[in-house]
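Provide a 3D model corresponding to the input given below.
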Amino acid sequence: MFKVFEKSIDLGDGRTIVLETGKLAKQANGSVVLRCGKTMLLATVVTAKDAKADVDFMPLSVEYKEKFAAAGRFPGGFMKRESKPSDAEILVARLIDRALRPLFPDDYHAETFVTVNLISADKQVMPDALAGLAASAALAVSDVPFHGPISEVRVARIDGQFVINPTFEELAKADIDLMVAATYDNIMMVEGEMKEISEAEMLEALKVAHAEIKKHCQAQIELMEMVGKTEKATYCHEVNDEDLRAAVKAATYDKVYAVAKSQQGKHERTDAFEAIKNEYLETIPEEEREAKKALVARYYHDVEKEAMRNMILDEGIRLDGRKTDQIRPISCEVDFLPAAHGSALFTRGETQSLTTVTLGTKMDEKQVDEVLFRGSEKFTLHYNFPPFSTGEAKASRGISRREIGHGNLALRALKPMIPTEGNPYAIRVVSDILESNGSSSMATVCAGTLALMDAGVKIKAPVSGIAMGLISDSKTGKYAILSDILGDEDHLGDMDFKVTGTEKGITATQMDIKVDGLSYEILASALEQARKGRMHILGKITECIATPNADLKPHAPRIIQLTIPKEMIGAVIGTGGKIIQEIQNTTGATVVIEEVDNRGVIDISADNKHSIDAALARINAIVEMPEIGKVYRGKVKSILAFGAFIEILPGKDGLLHISEVDWKHIQTLEGVLKEGDEIEVKLLDVDKKTGKMKLSRKVLLPRPERTHKEE
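Numbering: from 1, shown residues only. Coordinates of the predicted model:
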């Protein structure tokens, strides 16, 4: 019934990846099931039979979805079914998209949908590192034109050794976590986080990853040959007019070059470019103008690209007049918003981020409920990119995938510097981009560093970030590495390479490459130029604020954290939460308790010191162990013929025998003590077997002198 084809990839450490096609989803243009351990991914690709009219780009959509049933779990929420993609799923989809998109033919414009579903989940196998391979394999066995195959792997360094596609447990111990996508010949995409590593260490990680990817690409080529899909479908999605192309270039190139050299601002330059195009359109007879308008726009875009690139390669001049390694003017301000817990305004050229820091309690932590991970996150970062930041007149409709991706990069850049030990706060950083012309994600990193220090968060070191670009000519071998790229340089260039780090080393990176044949020598040069740029920007940050403020803002919440023995957790909470609720109601503080590493960790928070001190005293009294020889002020709980029981600590009663009430002989306690009285007593002894406590009041009273008769 099925003609199934399989290809195995030996990972060299006892693990095997199996690619299978021909059994599932056969009506798609291509489908593959990837298996590794108990993990299974189903990847499909479907493309339209033809392109829509006037489409001159690649309409690619990539979806990654994790099925809760894959791990034997119910989805959360009222509906109990998968709904919109989580941030984690969107980030994986972006990893796939960024690797695949540059490899479709430039003239292929049919709508194409790539879908990867996690259908079986092994808790030891990280599926995000396999999703790119599954997607590429589906394209390989399809008839869709594609200049692949590619694969993606995670490379981690654990105890000094590089590991390909580590387990969740192994990754927790890594100081490098890097996702790399590549063809057999060229690296296409990089994203990851590190713990202040050097540029040389990062290059070494890339080489290790690429060596593994070559094995994956070869396996896909062999699978493609087995299936018989080496020849792809023919198509015609562009109708070109070479005479018109030549005419557009001849009429506009010199004018475009002149505008490119004019060093105008972003909007002035855009308007000038648009005016040149409209001027040319006016030269076309009116009856032909509408029919040729789309082609003119396409050819004119190519002229803009060529002029800008030639200007940089031939004259070393950039659109705004800077040298290739020059950083735009930088302005830094902290404490910009007086009511925020921390805030900063970071401006670099025409890019500006207004960033806030909010401090919260355990209850403010982000709750995560994913197929393979359930827990909470103390540190979150959100990035907002409103249309007005680029002068666009349109409404803001929800959070885009781009915003999620840029925010995640900034989060990974700052996360290694957030203190873990001794930090009781949930921390939320929000970057609102007010202007954008190049690398607002890196502006977010810089503004985030400033705002965190302004808030008094004791970050380990300041972090800065920079976006690098590349202009290259494969025919002449010329290339130029650009520091702090503009939006146009990103759009018209060959590489977008973002690097963040401290003075010691790199903390995060993201790279997208749009050309073949980028050598490690060029990458090394780009990394070194990026390091110098980062240090320049870091200097501007530390000129504004060099170290975190010594204290929180007066209006920020105060949190005291203490640890107690595990067996005392129940005593603090009380039956049905009675005691902890009573503490909160009477003191006005918020008390959160959880078990961590076989001990109780308590966070006490309030907006004033009095409430915290009151709650702390109550809890200390509950967890305090009675100490022999210590004097306590206790309350009389009950009176019996032979003495009284005194509560010296919450829930801890001791016996005050009638003989220990006073130095003089007492027949009865009536008239001496009554229930509710508070008296001072000394703890004389604790029975080791029963825990019963022996108290004395008389030892705290002056001992009467003996009379002559008594002697």
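
Show the pLDDT at the spatially most central residue of the chain.
Residue closest to the average C-alpha location in the chain (C-alpha atoms, centre = their mean): Asn408, at 3.5 Å. Looking at Asn408, its pLDDT is 97.

One more: Met1?
Here, the pLDDT recorded for Met1 equals 66.

repeat for Glu594
At Glu594, pLDDT is 88.

Give me the secondary structure label for it.
strand (DSSP: H, G, I helix; E, B strand; the rest coil).

quick one, phi psi at the residue nearest to the centre of the chain?
Here is the backbone geometry of Asn408 (degrees, to the nearest 10): phi -70, psi -40.

For it, give me its contacts.
Going by C-beta atoms under 8 Å, 6 or more residues apart in numbering, Asn408 touches 87, 91, 381. Every C-beta, even on glycine, is put in place using the N, C-alpha and C of the backbone.

Can you add pLDDT and give those residues back as JSON lines?
Supplementary listing: the contacts of Asn408 in JSON lines, determined by pLDDT from 0 to 100:
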{"residue": "Asp87", "pLDDT": "95"}
{"residue": "Leu91", "pLDDT": "97"}
{"residue": "Leu381", "pLDDT": "98"}
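
Out of these, who's the most crowded?
Among these, the one with the most neighbours (other C-beta atoms under 10 Å) is Leu381, at 24 neighbours.

Look up how far Ser431 lies from it.
In this view, Leu381 and Ser431 are 7 Å apart by C-beta to C-beta, to the nearest Å.

list residues touching both of these two?
Going by C-beta under 8 Å, 6+ apart, residues that sit against Leu381 and also against Ser431 are 407, 410, 444, 448.

quick one on the thing from earlier: show only the entries of the contacts of Asn408 found in strands.
Residues of the contacts of Asn408 located in strands (DSSP state E): Leu381.

Just give me the closest of the contacts of Asn408 to Glu647.
Leu381 (48.8 Å; C-beta to C-beta).

who's in contact with that closest one?
Going by C-beta under 8 Å, 6+ apart, Leu381 touches 407-408, 410-411, 414, 428-431, 444, 448.

ok, now Gln367?
With the criterion set at C-beta under 8 Å, 6+ apart, Gln367 makes contact with Ser376.

make it 10 Å
Applying C-beta atoms under 10 Å, 6 or more residues apart in numbering to Gln367 gives the contacts 76, 374-377.

Dump the C-alpha coordinates for stretch 330-340 into CSV.
This file holds the C-alpha atoms of stretch 330-340, laid out as CSV (Å, rounded to 0.1, in the frame of the first residue of the first chain):
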residue,chain,number,x,y,z
ILE,A,330,24.6,57.9,21.0
SER,A,331,22.6,59.5,23.7
CYS,A,332,21.8,57.8,27.1
GLU,A,333,19.4,58.9,29.9
VAL,A,334,18.3,57.0,33.0
ASP,A,335,15.4,57.7,35.5
PHE,A,336,13.5,59.1,32.5
LEU,A,337,10.1,58.0,33.9
PRO,A,338,9.8,59.0,37.6
ALA,A,339,7.0,56.6,38.4
ALA,A,340,8.7,53.5,36.9
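
Could I get the buried residue list for it?
330, 332-337, 340 (16 or more other C-beta atoms under 10 Å).

Next step: those restricted to strands.
Per DSSP E, strands hold the following members of the buried residues of stretch 330-340: 330, 332-334.

With respect to Gly422, which of the residues you listed is nearest?
Val334 (23.2 Å).

how about the closest one, what does it touch?
Per C-beta under 10 Å, 6+ apart, neighbours of Val334: 342-346, 447, 450-451, 453-455, 541, 544-545, 549.

how does it look with 6 Å?
Val334 is in contact with 344, 450, 454, 545, counting by C-beta atoms under 6 Å, 6 or more residues apart in numbering.

okay, the buried residues of stretch 330-340 in JSON lines with distance to Gly321 and pLDDT next?
Below are the buried residues of stretch 330-340 laid out as JSON lines (distance: C-beta to C-beta, whole Å; pLDDT from 0 to 100):
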{"residue": "Ile330", "distance to Gly321": "17", "pLDDT": "97"}
{"residue": "Cys332", "distance to Gly321": "23", "pLDDT": "98"}
{"residue": "Glu333", "distance to Gly321": "26", "pLDDT": "98"}
{"residue": "Val334", "distance to Gly321": "30", "pLDDT": "98"}
{"residue": "Asp335", "distance to Gly321": "34", "pLDDT": "97"}
{"residue": "Phe336", "distance to Gly321": "30", "pLDDT": "97"}
{"residue": "Leu337", "distance to Gly321": "34", "pLDDT": "97"}
{"residue": "Ala340", "distance to Gly321": "36", "pLDDT": "97"}
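
which of those lies closest to Leu313?
Closest to Leu313, out of all of the buried residues of stretch 330-340 and judged by C-beta to C-beta, is Ile330, at 27.1 Å.

phi, psi of the nearest residue to that closest one once chain neighbours are set aside?
Ranked by C-beta to C-beta, 6 or more residues apart in numbering and with sequence neighbours excluded, the top spatial neighbour of Ile330 is Lys540, at 4.4 Å. Main-chain torsions, Lys540, degrees, to the nearest 10: phi -70, psi -40.

same check, this time on Lys65
Lys65 adopts backbone torsions of phi -140, psi 130, taken as degrees, to the nearest 10.

What is the neighbour count of Gly391?
When neighbours are counted by other C-beta under 10 Å, Gly391 registers 12.

What's the per-residue pLDDT of it here?
Gly391 is assigned 91 on the pLDDT scale.
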